[in-house]
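[1] Take a look and give me a structure for this.
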Amino acid sequence: GCQSVFVGGIPPGLAADQVQNLFSSYGQIANIEMKKGFAFIDYDSAACATAACVLDGYEIITGHKLGVRLNLPEHKKPGLADAAAAAKRPRP
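    Below is the predicted model:
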């Protein structure tokens, strides 16, 4: 299974340790790669990565919802436009 998640919609000024604290509740994190507005988080197990996907749509600060999905290797790495689209996707 996929052990990595893509996180889009990270607001400017949010510290890497805040992201790590939020996502570490779902399992042991092996690595975090923070970029401007998004991040890749690698877990020790696929089960942890899958569990972390419940944070999709989580409002980390008022007006900023995260887009969280498995970072599947067969897809190209998502760009900023994809991250923005994921963050703005309406919730069912």
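
[2] isn't D42 right next to I29, touching?
    Yes: if you go by C-beta atoms under 8 Å, D42 and I29 touch, sitting 7.0 Å apart. Backbone N, C-alpha and C define where each C-beta goes, glycine included.

[3] tell me which element Y26 is part of?
    Following DSSP states H and E, there is no helix or strand that holds Y26.

[4] which residues touch it?
    By C-beta atoms under 8 Å, 6 or more residues apart in numbering, the contact list for Y26 reads Y43, C48, A51, A52, V54, L55.

[5] From those residues, which land in strands?
    Per DSSP state E, strands hold the following members of the contacts of Y26: Y43.

[6] Give me the below-cutoff pLDDT ranges for the chain.
    The model of the chain has pLDDT under 70 over residues 73-92.

[7] If we use 90, what do you get?
    Under the criterion pLDDT under 90, the flagged ranges of the chain are 1-2, 12-14, 16, 60-63, 72-92.
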